[in-house]
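using only what follows, build the 3D model:
(2 chains)
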Protein chains: 2
Amino acid sequence: MILTVTLNPAIDVTYRLPRLTVGEVHRVAEVTTRLGGKGVNVARVLHQLGEPTHAIGLADARFAEALTAELPSTFLPELEDVRRALVVVAESTTSLWEPGRQAAPGADQRLLDLVEARLAAATAVTVSGSLAPGVPVDLPVRIARLAAAAGVPVLLDLDDAALAAAVGTGAVLTPNEDEIARLLGRAPDDLVAAVAELAERHGGPVVLTRGRLGLVACADGACWEVNPPAGISGNPTGAGDAAAAGLARGLAHGRPWPEILRDAAALGAAAVVAPIAGEIDAATYASVLADIKVGRVDKEA
Amino acid sequence: MILTVTLNPAIDVTYRLPRLTVGEVHRVAEVTTRLGGKGVNVARVLHQLGEPTHAIGLADARFAEALTAELPSTFLPELEDVRRALVVVAESTTSLWEPGRQAAPGADQRLLDLVEARLAAATAVTVSGSLAPGVPVDLPVRIARLAAAAGVPVLLDLDDAALAAAVGTGAVLTPNEDEIARLLGRAPDDLVAAVAELAERHGGPVVLTRGRLGLVACADGACWEVNPPAGISGNPTGAGDAAAAGLARGLAHGRPWPEILRDAAALGAAAVVAPIAGEIDAATYASVLADIKVGRVDKEA
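Model (predicted):
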């Protein structure tokens, strides 16, 4: 069972309107609501693939209860409320993201206890997304250490300070280009060299996710470039979470890195085609898998 | 105790941003949330005035529980969720109003049972605002009949079909100009004549609320014009609910109409000065009360 951890979930709300006009009153006829957050999306993709998964994290009681009706999950009621991520779809798409809500004191220790209780049955652990206010920045690192001590592979899909804190843990890291630039203190000219440098400093695998441009990964002293399939278009939201689901599944099954990376890229493409974050288009997944090229590349000095 | 009934409550959410740009992503730093709905606002004003009140209505369990911490209230958990009324305050104010959520089958009868149980202690009843989907359009009328049978005065602050259904009940009605025009089938040239005509057809008091322009009321065969105080500016949202609170309080205490109308207009003005709907500025209320002129006017044929 793959354990996905979400430390700052969101309720994804979509309003559909003919037109959004600043300064006006709009009666919204169509509201759709979905329980979200990056780790929840990872678990949704795994669940859709038939891979045993369990989503855990911090939320409020209502979110926790509603999610169990959709997915195997255990969210601790540690937040006073769950933030909303509002997307207003009209002539164009306007987004309004609420800040995360404060976590209760001691939420970090209770979450660690929950991870520990679930680790015996876990084949991999992912920690995805931002941290709710009040969550210590090193909580993902402490989760990674618990998992490593139990011999369970870990993927940390973090940003900002939490990502910086995770360098050196040896867990799989999945930064984007901006995040690598911040970590190295410079915009990289050569992406492969940059990923290799970070992987060496980190002492573990680094998978750079480049959206429509594919993946660059370095692990176990080797690096690969993964070209994405051509002709994919759609909604890129959630593509990174689908790729993370592929990485976690490959790690859980101990597959070789080129195969893991091909699968992750195919799942990312299949998520772009699906209309909603947290879903993949199964036909796209099946059809693109064979087309994806994973090339071994030399790292430059 | 004044019983206020809210059949389609809302959670009033305010986002404050430096700028709202269509097509862009915004991280909202400041979110304020308030349990609302017109009848809830009426109860808040009465509560602030020290007038015993109890707010009832339809909501979900979370809304019901949270409101009891703020106000004496009993909301039945009959809605699947409570709609949000979002106001984005930036260079200008943009509103996005979600539709009301479906009421459970039988919610109307359970609400009537609750009204009946509370009527013995009630000195007046108000029913304010729209109806959640699934609520029969005649529910306010049935509430008014129960109250009338118990000898308790009723104010119905309704719109559209529910207002049309309430004509003839003899309850106090509080339409605005547009609503009177729809009910009479014509835009009125002479407001006093129009209010008098509606009051006669209705067989009960009609109080036309004109926002910053004051009130026109006909009751018991007489009509009055109420001029608002000069120099009031601020947030008109909730002014109608504060005026309704004043009308309900006057009815509960059996005061004469001119006094009731003066109080209602003063409370409406005091609500405009207060920053939040459901609150009044006590100093404004005290200072404007004496300035408000209530003039008896002849109704024209």
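
sec struct for A:A55, please.
strand (DSSP: H, G, I helix; E, B strand; the rest coil).

wait, it sits on A:L67?
Yes - the pair A:A55 / A:L67 is scored as a contact, 7.0 Å apart, by C-beta atoms under 8 Å. From N, CA and C alone the C-beta is placed, and that goes for glycine too.

just confirm yes or no for stretch A:7-24 near chain B.
Yes - using C-beta under 8 Å from any C-beta of the partner chain, stretch A:7-24 reaches chain B at A:15, A:17, A:20-24.

just to check, A:A171 is in contact with A:R145?
No - if you go by C-beta under 8 Å, A:A171 and A:R145 don't touch, sitting 9.1 Å apart.

the more surrounded of these two?
Taking other C-beta atoms under 10 Å in any protein chain shown, A:A171 and A:R145 do not tie; A:A171 has more neighbours (27 against 16).

quick one, helices of chain A?
Per DSSP state H, chain A carries helices over the ranges A:38-48, A:61-68, A:107-119, A:139-149, A:160-166, A:177-184, A:191-202, A:239-252, A:257-273, A:282-288.

between those helices, which one is nearest to A:V226?
Counting by C-beta to C-beta, A:V226 lies closest to helix A:257-273 out of the helices of chain A; the figure is 4.7 Å.

how near is the nearest residue to A:R34 once chain neighbours are set aside to A:V45?
In space, A:R34 comes closest to A:D12 once its chain neighbours are excluded; the distance is 4.6 Å by C-beta to C-beta, 6 or more residues apart in numbering or on different chains. In this view, A:D12 and A:V45 are 15 Å apart by C-beta to C-beta, to the nearest Å.

more crowded one of these two?
Neighbour count, other C-beta under 10 Å: between A:D12 and A:V45, A:V45 has more, with 30 against 22.

how about the contacts made by that one?
A:241-242, A:245, A:267, A:271, A:278-280 (C-beta atoms under 8 Å, 6 or more residues apart in numbering or on different chains).

lowest-confidence member of the residues you listed, which is it?
Lowest pLDDT of the contacts of A:V45: A:G278, 86.

just checking, that residue touches A:V40?
Yes - in this structure, A:G278 is within contact of A:V40 by C-beta under 8 Å, at 6.8 Å.

stretch A:55-75 near chain B anywhere?
Yes - Stretch A:55-75 lies within reach of chain B by C-beta under 8 Å from any C-beta, at A:R62.

so which bits of that stretch are buried?
Going by neighbour count (16 or more other C-beta atoms under 10 Å in any protein chain shown), the buried part of stretch A:55-75 is A:55-60, A:62-64, A:66-67, A:71, A:73, A:75.

hmm, who's touching that stretch?
Outside stretch A:55-75, the residues that touch it by C-beta under 8 Å, 6+ apart are A:3-9, A:11, A:35, A:37, A:39-40, A:42-44, A:47, A:52-54, A:76-82, A:101, A:103, A:107, A:111, A:114-115, A:118, A:132, A:135, B:62.

list only buried entries from these.
Neighbour counting with 16+ other C-beta under 10 Å marks A:3-9, A:11, A:35, A:37, A:39-40, A:42-44, A:47, A:53-54, A:76, A:78-79, A:81-82, A:101, A:103, A:107, A:111, A:114-115, A:118, A:132, A:135, B:62 as buried within the contacts of stretch A:55-75.

the residue in the stretch 151-300 of chain A positioned nearest to chain B and A:V272, how far apart?
Closest residue of the stretch 151-300 of chain A to chain B, C-beta to the nearest C-beta: A:T237 (11.0 Å). Going from A:T237 to A:V272 by C-beta to C-beta gives 9 Å.

the two: which is more packed in?
Neighbours per residue (other C-beta under 10 Å) separate A:T237 from A:V272, with A:V272 holding more: 23 against 18.

OK, contacts around that one?
A:212, A:232-236, A:239.

which bits of the stretch 51-200 of chain A sit near chain B?
Neighbours of chain B within the stretch 51-200 of chain A, by C-beta under 8 Å from any C-beta: A:62, A:81, A:86, A:88, A:90-99.

compare those and tell me which is most surrounded.
Taking other C-beta under 10 Å as the neighbour criterion, A:L86 ranks highest of those with 25 neighbours.

check that residue and give its pLDDT.
Here the pLDDT value assigned to A:L86 is 96.

so what sits opposite it in the bridge?
Beta-bridge pairing for A:L86 (DSSP bridges): A:V13, A:L96.

what residues does whichever residue of the stretch 101-250 of chain A sits closest to chain B make contact with?
For the stretch 101-250 of chain A, the residue closest to chain B is A:R101, as judged by C-beta to the nearest C-beta, at 9.1 Å. By C-beta under 8 Å, 6+ apart, the contact list for A:R101 reads A:60, A:79-83, A:132-133.

10 Å instead?
If you count contacts by C-beta atoms under 10 Å, 6 or more residues apart in numbering or on different chains, A:R101 has them with A:8, A:58-60, A:78-83, A:132-134, B:31.

and what of A:A121?
A:A121 sits next to A:1, A:3, A:52, A:54, A:152 when contact means C-beta under 10 Å, 6+ apart.

how about the closest residue to A:G57 other than its chain neighbours, what does it touch?
Nearest residue to A:G57, sequence neighbours excluded (C-beta to C-beta, 6+ apart): A:T6, at 3.6 Å. Applying C-beta under 10 Å, 6+ apart to A:T6 gives the contacts A:35-43, A:55-59, A:67, A:73, A:75, A:126-130, A:132.

do the same with A:T94
Counting by C-beta under 10 Å, 6+ apart, A:T94 touches A:15, A:17, A:20, A:22, A:86-88, B:20-26, B:88, B:94.

hmm, 8 Å instead?
Residues near A:T94 by C-beta under 8 Å, 6+ apart: A:20, A:87-88, B:20-26.

returning to that earlier point: which one among the residues of stretch A:7-24 next to chain B gets closest to chain B?
A:G23 (3.7 Å).

for A:P228, which non-adjacent residue is closest in space?
Closest residue to A:P228 apart from its sequence neighbours, by C-beta to C-beta, 6+ apart: A:G214 at 4.3 Å.

how close does the residue nearest the centre of chain A sit to A:R249?
Closest residue to the average C-alpha location of chain A: A:D241 at 3.8 Å, with C-alpha atoms, centre = their mean. From A:D241 across to A:R249, the span is 13 Å (C-beta to C-beta).

reformat the contacts of A:A121 as JSON lines; add distance to A:G203 and pLDDT.
Below are those laid out as JSON lines (distance: C-beta to C-beta, whole Å; pLDDT from 0 to 100):
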{"residue": "A:M1", "distance to A:G203": "27", "pLDDT": "97"}
{"residue": "A:L3", "distance to A:G203": "23", "pLDDT": "98"}
{"residue": "A:P52", "distance to A:G203": "29", "pLDDT": "98"}
{"residue": "A:H54", "distance to A:G203": "28", "pLDDT": "98"}
{"residue": "A:V152", "distance to A:G203": "17", "pLDDT": "98"}
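
could you list the domains of chain A?
Split into domains by automatic domain parsing, chain A comes to A:1-19+A:28-173, A:175-301.
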